[in-house]
Each structure stands twice: as structure tokens, then as C-alpha cells.
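J.: next one to model:
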Amino acid sequence: MKKSEVDVLIVGAGPAGLAAAIAAKQSGFARVRVLDREREAGGVPRHSLHTGYGLRDLHRVMSGPKYAARYISKALEAGVEISTSTTALDWAGDLALALTSPMGLEEVSASQILLATGARERGRNARAIAGTRPVGIYTTGSLQQSVYLRHQEIGTRAVIIGAEHVSFSAVMTLAHAGVQTVAMLTPEARHQSYFPLHWGTALRYRYALRTKTKLLEILGRERVSGVRVATPSGEEVIECDTVVFSADWIPDNELARRGSLQISESTKSPIVNHLYETSRSGVFALGNLLMPIKSADQCALEGSSLLSKNW
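T.: As a prediction, the model looks like this:
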């Protein structure tokens, strides 16, 4: 098994991880390595084709792929080593990780390790939704990958579950794939995003925001045929062939749990101090691994702030 050493090892090549890697290089660390299990670095923005990225950190507005490319370019220019298709399997010591990649198994030790593994949306199974298992069910992330990376056909009529920021991103992704969003459902009394975002999206894409509406069951056998919902006036069926589960986030905390780091009972995120250091000395966590969920540029700013806080 190959063994190697670096000064800073970062797990997760999204905005938080890349920004932190750049900050580490700027602070004088010679060997900074970023890992990501995906084939390409950049995180979620690389398959979010819509605009709206970069306002807080780069002071300009750009599409997700351009935003991701900017951080990848800046990291490489700074001398950061980016290892894609590389998964951190487990801890090999207090400050060491066991990795697997197409090159084989490897153990990497570091003076500091940063976990920037992000968060994911709960899918249908995790939400305990009744019904069969037909084709046509996605999370926002899997939808974006299917549309922008794999260029797959999706459907014709979609219902989105959730009404947070990412839900409106799902509307735009569906429109790009030629799918009409017929309804966005939330059990809350209103959406959980900015009014201009909801207003502008609804005006352009003509969907119905259904508040105080709960998904009860997904209908259909081979393909989704509709959803059964509960509303203040009773139950009804909305016909559709696609269901997108959005928001309802859970941190990607498997590596943190494997390392026996202290985990918050409420958020399921690693517990950190004001320096983003976890219960294990030398191990840090930031970005959307730390709930609540944040925008990409907020995560990048958090990563950059490590320059002043720790490095």
C-alpha cells in the first residue's frame, strides 16, 4: 500500500474545500491536497447550469459550472493537488486517512485534516413516503446530474416536494430538460426562500406553489403517474410523471462518524469551536457539512476564512 504525507489534507472539492485549500497555500503550507470521490472537482455548482453563483465571494454573478471552474483554476494556480475519483474509506490514525482510487489503496497522513464533505438531500426512502418504486423519482442533485451531465430524458410534468432555495433551482433544471413543473408542494404556510426568487421563477415558469400541502403517496407502477396529497380541504391527486424531492438536508457525516468525532444530536453535524476545529485536535470541518445549509459562496467564504482563523 502506498503511503504519503501532506501538510493539509482536505476531503471534498466543492467551494468550501477548494477555497480552504487556496487559503492554506496562501498561508505558506507547501503540500496541500484535496480529495473528491467524483470524477471532477467543483462540487454541486458544476452541475447547476443556472446563474446566481459568486456574488458574495467573487463579486460577480456567474453560472454554476463557470463558478466551479474558477475555483478549480485558482486552486491549481496556487499549487494545490486535486485528487478526483478518490474516496476516503476510513481513518488510519488520528491524522491519517485510508483512501481508494483507480491507482489503488493509499494511506495519507497530514498535520491538519479538513472535512468539507457537504450535505445531501433526503431521498424518497429516507422520507418514508408510501407507494411503489416507479421510474421518475429524483432529488435535485440527481436531477441536475441526469440533465446537465448525462443529458438524459426526464419526463413531461413534474411535481417538486419542498419550497426552499434549491427547489427553485429544480424548476430551472426541469425547464432546461423540457419538463413543465405543475406544482411545488410544501407543508409550511409559505415558501422558505426569498420572495423575489419565488415571484420571478413562478412568473417565468408558471407553476403553482401549494402551501400547507403534504405528500402522502407516489402513484404509478413502472412510471410515476401522479401524487396523492393532503390539503386543508382534503385529499387529492395531482397527475405527473416526475417527482423531485428538494431540500430536507442531511450532512454527509459518515467520515466524521467513523472518526468518532462529537456529533450534534440536532443537526447531525460535527461539533466545532470558533476555529472550526472538531473534537479531535487537528481535524476541522466546515461548509455544508455544518448545518444549516448555506449557499455555495457562503461556503467558499467560510473556507477562505480559515486563513485568518487558523492558518
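J.: can you give me the strands for the stretch 101-250 of the chain?
T.: All strands of the stretch 101-250 of the chain, identified by DSSP state E, counting those that start in this stretch, fall at 104-115, 119-121, 130-131, 137-139, 157-161, 180-185, 208-210, 214-219, 226-231, 234-239, 242-245, 249-251.
J.: report the buried residues of the fifth one.
T.: Think strand 157-161. Buried positions in strand 157-161, judged by neighbour count with 16 or more other C-beta atoms under 10 Å: 157-161. Any C-beta I mention is one placed from the backbone N, CA and C, and that applies to glycine too.
J.: do the longest one as well
T.: Buried residues in strand 104-115, counted by 16+ other C-beta under 10 Å: 106, 108-110, 112-115.
J.: equivalent analysis for stretch 282-295, please.
T.: Under the neighbour-count criterion of 16+ other C-beta under 10 Å, stretch 282-295 has 283-291, 293-295 buried.
J.: now distance to residue 23 too, for these, in TSV please.
T.: Putting those into TSV (distance: C-beta to C-beta, whole Å) gives the following:
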residue	distance to residue 23
283	17
284	12
285	15
286	11
287	13
288	18
289	17
290	17
291	22
293	22
294	17
295	19
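J.: end to end on stretch 133-151, go ahead and measure it.
T.: End-to-end distance of stretch 133-151 (C-alpha to C-alpha, to the nearest Å): 23 Å.
J.: actually stretch 231-251, sorry about that
T.: One end of stretch 231-251 to the other measures 30 Å (C-alpha to C-alpha).
J.: hey, which helix or strand in the protein has the poorest pLDDT?
T.: In the chain, no helix or strand scores lower on mean pLDDT, DSSP states H and E than helix 306-309, which sits at a mean of 63.
J.: among the strands of the stretch 101-250 of the chain, which comes closest to residue 42?
T.: Counting by C-beta to C-beta, residue 42 lies closest to strand 119-121 out of the strands of the stretch 101-250 of the chain; the figure is 16.1 Å.
J.: so what are the sheet partners of that closest one and their directions?
T.: Strand 119-121 pairs in its sheet with strand 249-251 (antiparallel), by DSSP bridges.
J.: so which bits of the strand it pairs with are buried?
T.: Applying 16+ other C-beta under 10 Å to strand 249-251 flags 249, 251 as buried.
J.: quick one: mean pLDDT over that strand.
T.: With pLDDT averaged residue by residue, strand 249-251 scores 95.
J.: next secondary structure after that strand?
T.: Downstream of strand 249-251, the next assigned helix or strand under DSSP states H and E is helix 254-258.
J.: packing partners for that next one?
T.: If you count contacts as 3 or more C-beta pairs under 8 Å, 6 or more residues apart in numbering; DSSP states H and E, helix 254-258 packs onto strand 87-93.
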